[in-house]
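Visitor: Let me see the structure of the following:
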Amino acid sequence: MRQRRPLAASVGLTAATWRRAMAAAAVSALLASAIPSAPAWAVTADEALGPLDQYATAKARALAGTYRGQLTDLYQYLYHCVPWVAVQKNGIGFRSPKGATGDERYLTIWIGIEQGDDPGFSSMRPAERASAMFSRYGIPLLRRMASIGAVGGDGQVEGFGVVLSWMKPGRARPAVNETLVAFVDRALTLELAARTIGLAEITRRARFSLFDGTTELPSPQLDAWEDPFLGTFKLKDYVRPPGATC
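Guide: As a prediction, this is how the structure comes out:
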């Protein structure tokens, strides 16, 4: 197993800088249903979920309509409880991976992650950075989605997915982002949520794609570990509004 180096918790990017960096993303090529390639810095719940007519199939529209309330709650969780992320417009929904056979639908979250300048993170290879981001954000978000109401038991849901984008370290101009796309089948994600399966089995059986800007890199071999960040990190002076629970 490759050496694990922790991500720095601090960030130092402005919203405008992050938007410019994220504008180079072209990850929608990995999804059968097109969604915008440039994440917005801050979107409302309705913008994050998007309208039902964005979906090309009745199955997808039915899933999105049935679980809209739960997906709105998921947006609120991301907004209030997950630091340094921005949900993509139309970034929460039932997506079908490119190349899927039939109308396979995965409940998927697409987020942009602020990652400040950090020598340790910059010195990692792309697959190591992707492993760190998947451990910090991907694993807990997959668990969260699998635990939403009846979604985990719905046979119409093939599985769960995360799309994680962050600014590529370095001073190259124009700045670009790195993006990890992961899809995990439903049964495997339920085992992950129940903590009855090792993370090595998740990385072995999940479908991963990694992008450097618009260029897809060779299929990455990822590690994963339990990162306590989301359960322990607290933003200084941030007070959650009444009713918001994490």
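
Visitor: What's the first helix or strand after the top strand by length along the chain?
Guide: In the chain, with assignment by DSSP state E, the single longest strand is strand 85-95. Note on strand 85-95: by DSSP states H and E, the next helix or strand toward the C-terminus is strand 106-113.

Visitor: for that next one, the distance to its chain's centre please.
Guide: Once both centres are worked out by CA atoms, centre = their mean, to the nearest Å, strand 106-113 turns out to sit 3 Å from its chain's centre.

Visitor: Direction included, what does that strand pair up with?
Guide: Strand 106-113 pairs in its sheet with strand 85-95 (antiparallel), strand 159-167 (parallel), by DSSP bridges.

Visitor: can you give me the helices for the chain?
Guide: For the chain, the helices defined by DSSP state H cover 15-22, 45-49, 58-66, 68-81, 119-123, 126-133, 139-146, 186-194, 199-205, 229-232.

Visitor: For Asn177, which of those is the nearest?
Guide: helix 15-22 (5.4 Å; CB to CB). No exception for glycine: its C-beta is placed from N, CA and C like everyone else's.

Visitor: Select, out of the strands paired with strand 106-113, the one closest to Pro126.
Guide: strand 159-167 (11.1 Å).

Visitor: and the direction of the closest one versus that of helix 139-146, what angle?
Guide: Per axes from the mean of the first three to the mean of the last three CA atoms, to 10 degrees, the angle that strand 159-167 makes with helix 139-146 is 140 degrees.

Visitor: Could you pull up the mean pLDDT of strand 159-167?
Guide: Averaging pLDDT along strand 159-167 yields 97.

Visitor: Just send the strands paired with strand 106-113 back as JSON lines, with distance to Arg143 and mean neighbour count too.
Guide: JSON lines is the format used below for those (distance: least, CB to CB, whole Å; neighbours: other CB atoms under 10 Å):
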{"stretch": "strand 85-95", "distance to Arg143": "16", "mean neighbour count": "24"}
{"stretch": "strand 159-167", "distance to Arg143": "9", "mean neighbour count": "26"}
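
Visitor: Those into TSV, with extra columns for distance to Pro220?
Guide: Formatted as TSV, those follow (distance: least, CB to CB, whole Å):
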stretch	distance to Pro220
strand 85-95	20
strand 159-167	12
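
Visitor: low-confidence ranges in the protein?
Guide: Counting by pLDDT under 70, the chain shows low-confidence ranges at 1-41.

Visitor: Kindly recompute the last result at 50.
Guide: Along the chain, the parts satisfying pLDDT under 50 run over 1-6, 10-29, 32-40.

Visitor: and of the helices of the chain, who's closest to Ile109?
Guide: Checking the helices of the chain against Ile109 by CB to CB gives helix 139-146 as the closest, at 5.6 Å.

Visitor: Out of the helices of the chain, which is closest to Pro241?
Guide: Checking the helices of the chain against Pro241 by CB to CB gives helix 68-81 as the closest, at 7.2 Å.
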